[in-house]
Structures are given as structure tokens and as C-alpha cells.
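In: would you be able to build a 3D model of this:
(chains A and B)
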Amino acid sequence: MTKDPKQIISDAVQAAFSSTLGAEYKDVNPVVRLSQNPKFGDYQINGIMGLAKKTSQNPRELAEKIVGVIDLEGFAESLEVAGPGFINVTLTPSALIELCVEMDSPSLGVLQSEDLHPIAIDLCGVNVAKQLHVGHLRSTIIGDSLSRVFERVGRTVYRENHLGDWGLPIAMVLDRLMRSGVNLDTLSITDLNTAYQEAKLVAKDDCGGIKTAERISAGPHRILELQEQNADATAAQESAKSALVKLQQGDKDLLLGWEKLINCTMKDVYASLDLLHVKLGPEHNRGESFYRDRLESVVDSFVKSNLAEEDDGALVVRFKDRKRPLLIRKSDGGFMYATTDLAAVYFRTQELGCDRLIYVVDARQRDHFKDLFDASTLVGWNKTPDGTSVKFEHIPFGSVLGEDKKPLKTRSGSNVTLSSLLDEAVARGRDEVKRRSKDESSQTHGMGEEELSTIGRQIGIGAIKYADLSNDLVTDYVFDMDRMVSFEGNTGPYIQYACARITSLLEKSGETDFSSNFIINTPQERQLVITLLQYGAVVQNVAQNLEPHILCMWLHELTGAFSSFYQACPVLKVDDGAIRGSRLRLSELTRRVIVDGLDLLGIEVPQKM
RNA sequence: GCGCUCAUAGCUCAGCUGGAUAGAGCAUCGCUUUCCUAAAGCGAAGGUCGCAGGUUCGAAUCCUGCUGGGCGCGCCA
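Out: As a prediction, the model looks like this:
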């Protein structure tokens, strides 16, 4: 049983297609949409005109014919052919009421997925010895939100924090620190970060890289970068390389130090993730080191399938439609990130049995993921062991920009750390809450410092997350804290506040049971109900298209619809007890939907604001 | 050089496999409230949908070319 009116209409139209045109037309999409203008009814069917073209018929005549046979008895009040061949649908009040009653259940109209394969979501992507920065913010909160959406529709989600915890950079940092005699037990994350930055300069590459870069006419800054690195490629690099070899061979001292670096990094990471209210912990860590013993067999798989080819001493996988190959083994016999990523694909599809692999990684790695997915397909890891096709998806999110429209930096030009950003957001949220609590009519008036502080944190963090998730993911966005924490406009705090006001309204009513019959009379009640009924479809849409901003836009629309309703329809003061009960039930249902929707975005809702 | 991506109101952005008059928020201006938290509401103004062609009943949306910005381009991740 479906609760989405759009689907009910679609099904009825398809049945009509089938009976008037023949069974081969039963799957044509009727393109049912919400009407943009009330004079066109509640829903409009747009698909007739396209179908008329295909079957070379007059669109209006076809529309009339469809209206004649369509079965929406008791559901639709009127079906009108309009314009060049639209059909406008107005629902009956009794249908709306019935749908509301169905929706008013714990599921809130969100259907459970039929596909029960697990899903892997690659998110966060911490590098050991590196502080979190804004780039991690997006990956983490987008990945967390998508995870919540999938869990909401009943899927098992593996949140994969693919730590950068193995390889030359780490070995180099470790080597440097251990040689300098620093006590690894008392190391701070900033010490570690500094050591990483220093080590990075000498950690990379040799002359071969430059030659190759020139040969393929790589961009000038890439060559410059390699030259800079090369200038520093000294004895330190040799030392780091031998440290890496020793680490890979299981040297006890190095392994101990390595674990300390990880602990030091993750302690800081978890502090930020906690503050962010993100469901991500040690149980989600499956970093590069996890795959270290599987790399050889990855390469073997490609060699056995004749997909690997030697080039300049390295092993590459080639693709038919492009020159750029994927390098899976270096000329010195070592492995690199692509091999690790392939091992992770194998693990996720073949061992965990996931049929959907989602990578929340910034847009700059587009090419890499295209190669990774194509290589995985070539070698046959695009099917789970039970033969189900695997969907590979990269969410190439854009950058966070500063006011100058360049990647966000501090005034001194360094990267903005995530913790400093979150601290500021929380401070802004707290200031706002405290300011508002001074107003005697405010629900938060007279609250203690600690309680206000908690609410402020929820607002500040919610503001950042909502601002991030409400944009189309692929575009860059400008970080503007003032706008984010505002209680007006399409912001997190606006929706949180709307919700808090409904909570307050319900409390004031003195009721605890909200199960009166629905009565839908006014246009505002009708509009609120029609908006509410979309919830299940909106959640499905996000799960399908991986676009949380659709949910954000819709939540904003819902609060708008509630606002209009609230403005026009007295709830507590209406004389008629039956209407009062209905309006309270509508309010309560709206509140639950907002709380549920914000939870899917990973945003908390204060009871009072 | 090759490739990817973006371009919509003053600003920040929506626009759902092509659909009716391109929408919202902010900012600006005007009007309204003895009323459940003014989270205001209503109205006005604001657009060559980067440019030029093409496909068709119909294009911000699809195709081609161009301009401009961002990003990427084998032994780093």
C-alpha cells in the first residue's frame, strides 16, 4: 500500500494507458507533478502530450480519452483537461483524510526498501597526523546524512571511514618524530600536524614524476609542485622509506609508535565528530592499513584476467575510451592508493555483499573514481556474490569558499581547522540563544546557563550542517556564518524554531492524545496536508538521487505551509472542539515529521528556543 | 594540450526523466497586527536563465559551437 498521492495517480493513469492504447504502454511515465498554481488543482498530469506525440495523436483528444477511463473514484474530485493536454487533478477531502490517517503512524509514510543488500558509504576520510579541516566537514556530514536516510528506509549501512593511516607520509612523520626523540604519549594534534606538513614536502616522488608530468603535458603547477618536492628529496626520504619497509615488516617499536600517532589523531577527530552529532566512531574505521595484506591479491586478480599491463616498470590497467590508465603497482614494486581502493571495492562488494558503494569525496577526485569504478567493473567486482549488480557512485561535492570566493582560509592564509570553525558556530548559537532568552515572552526566559548552552550548541551545529546540506552538492558554496545562524530564511535555526513553537503550542494545549478526526476545510489546512503527504516520496527521492538538499527545501516548504496554516487557522482559540482537535493533530503530525526530517540531516531539535 | 565541471533577480540559491505566467530566502519599498512566541503576513519592484545556433506544439532543462570561472591530468592521496 502506498501513501504517496502522486504514486496513486500515476498508477491509475498507467492503467488507463494500458486499457486505451494497449499493454505495451503500461510503463510509460505519466509525469505527475504537484500543480504550481492552485487553479490547476492539486496535481497535474503532464505525460499525455509526450505520449500523444509518440503515438501521433491529438494530445487533447488523448487526454479526454484517458480522463474517460481513468479510475480514481472517490480519490479525485475532478479531472480536467486543460491547455495543450494537461490533466488537472483535485483530490477529494475524504481521500486527503484517509491518507493523513495512514501517514499518522510511526513510519510517517516512509516505505521500507525491498532491496536488503547492505550499502557502503565512504565518508570523512581522515588522514592520520592531520587535523580535520573544512573539506572533512562536507564529506562527514553529507555521508552521515545519507547513512541516516538509508537506515530510515531499512537498509544496513556500513559507514566506512577510510583512514589514511598507511604509506610513506605516515612513515615519514613517524620516522621524524621518533628520531627527534619526542614523547609520543604526550604529543598534541597540532604538534603532529606540524610534523606532517614538514614531512609532506619531502615525502613525495622523485625525478621520474617530473619527466612523466612533462611527457603528458600536465598542468604547470603540477610540475612546479613536483620540482619543489624534488628539491627536498634528500636523505630524509631514504630514511623514511626504510622506516616504511620496517613498519610493513612489522617492526615492534615502529608499530607501537604508529598506533600512538593514530590514537593521538583520532582523539581529536572524535571530539569534533561528537560535537558535530555525527554517528561515526572507532567501529567505522577501516583504513588503508586494513587492506595492507590484500593488495597483492588485487594485483593478481587483474593479472590473471589479462587486464594489467607493464609500462615503464609499473603495472597499469588501460581503458578503451581514454588514454589515462590506472596505476596499480609502482615500478619499485610498491602499491598505491588505487590498489587500496580496489581492495576496498573487493571487500565491500564481495565480502560485505554491498550492492551500492557511495563515495563522499570532493570533486577533484572525479577522474580517480571513474577509473576505480571502471577497473572494478572490468575485473567483475560490479556484481555481489549472489549476482546482483552493484551501483558505484561518487558524490563529487564542491569546495567551501571564503568571502573572497576562494577556498576558505584563515586571515594568515592557513587552512581553517574544523574545530575552530565548530567552536565559532557554537559560540554564535549560544550568543543568539542568550540574547533571545532575555525577552520575557521567550520560552527560554529564565533558563540556566547550562541549558542555554546546550540549545546554543544545537543551533550553531544545526546551522552549519543545514547550510551545507541545503546546497546542491556539486557546486561550491560561500561560507557565511551570519546567514547560517539566522532565524530567518532557509536556515537550520528557522526550521528548528518553527518546530520548537509547535512543541510549545502542543504543550499549551494541555492534551497528550492527538487522535481526533481530521477535518480539512480551509485552503491552508489543505495545503499543509498536501505538503505533509509528500514526506515519504521526498525521503525516497533522497535515497535514490543522493541529494539531501531536496529534503532541506521540502522541510522549508513544510514550515512555510505550517506558518500559513498557523496564521490563518486558530488552534487553541477555536471554539469548535472537533476542529481544535483536528488542528492539534495536524500540528503534532507536522512536528513529528520535522523532527524526523531534521534527524535525517543529522540535526537536533531543541524543545525550546 | 587533453579532460571534467559550473554559469538563473542586487546577494545566496531552487527549478524534480522538456510543460502552463522561471521560483524561494535575504536586502529594498509600501500596507496590515487589541490575535495561540512577529519564525510575521500581504503587496510592489527586481531576470537578454553566460553568448549563438539547432531539435519541437513547447527549451533554464536536450544537442552543437563559443566565452568566462573552478578543478584535474601515471609511480602523492
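In: just the helices in the stretch 351-500 of chain A please.
Out: A:366-378, A:418-437, A:449-469, A:481-484, A:492-509 (DSSP state H, counting those that start in this stretch).
In: ok, which of those comes nearest RNA strand B?
Out: Closest to RNA strand B of the helices of the stretch 351-500 of chain A is helix A:492-509 (CB to the nearest atom of the strand; 3.2 Å). Just so you know, the C-beta spots here come from the backbone N, C-alpha and C atoms, and that holds for glycine as well.
In: could you tell me how far that closest one lies from the centre of the chain?
Out: Relative to its chain's centre, helix A:492-509 lies at 26 Å (CA atoms, centre = their mean, to the nearest Å).
In: what about the helix or strand following it, near RNA strand B?
Out: Sequence order places helix A:523-532 as the next helix or strand after helix A:492-509, per DSSP states H and E. No. Helix A:523-532 stays clear of RNA strand B (CB under 7 Å from any atom of the strand), getting no nearer than 9.6 Å.
In: list the buried ones in helix A:523-532?
Out: For helix A:523-532, the neighbour count (16 or more other CB atoms under 10 Å) marks A:524-532 as buried.
In: ok, so of those residues, who is nearest RNA strand B?
Out: residue A:524 (9.6 Å).
In: read off the pLDDT value for that closest one.
Out: At residue A:524, the pLDDT value in this model is 89.
In: what do you get for residue A:231?
Out: pLDDT for residue A:231: 48.
In: neighbours of whichever residue of the stretch 401-550 of chain A sits closest to RNA strand B, how many?
Out: Of the residues in the stretch 401-550 of chain A, the one nearest RNA strand B is residue A:489, at a distance of 2.1 Å by CB to the nearest atom of the strand. Residues lying near residue A:489 (other CB atoms under 10 Å) number 10.
In: just give me the residue closest to the centre of chain A.
Out: residue A:142 (3.0 Å; CA atoms, centre = their mean).
In: contacting residues for it?
Out: The neighbours of residue A:142, taking CB atoms under 8 Å, 6 or more residues apart in numbering as the test, are A:123, A:360, A:395, A:397, A:468-469, A:473, A:548.
In: now those residues in TSV, with pLDDT, neighbour count and distance to residue A:111?
Out: Output for these, formatted as TSV (pLDDT from 0 to 100; neighbours: other CB atoms under 10 Å; distance: CB to CB, whole Å):
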residue	pLDDT	neighbour count	distance to residue A:111
A:123	96	28	25
A:360	97	27	25
A:395	95	23	23
A:397	95	23	28
A:468	94	26	27
A:469	95	24	22
A:473	92	19	24
A:548	95	26	19
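In: in strands, which of those appear?
Out: Among the contacts of residue A:142, the residues falling in strands (DSSP state E) are A:360, A:395, A:397.
In: closest one of those residues to RNA strand B?
Out: Taking CB to the nearest atom of the strand as the measure, RNA strand B lies nearest residue A:397 of the ones in strands among the contacts of residue A:142, at 10.8 Å.
In: contact partners for the residue of the stretch 401-550 of chain A closest to RNA strand B?
Out: residue A:483.
In: so what pLDDT did it get?
Out: For residue A:489, the pLDDT comes out at 89.
In: ok, residue A:212 next?
Out: Predicted confidence (pLDDT) for residue A:212: 50.
In: got it, and residue A:35?
Out: For residue A:35, pLDDT reads 87.
In: what do you get for residue A:134?
Out: For residue A:134, pLDDT reads 87.
In: right, I'll leave it there.
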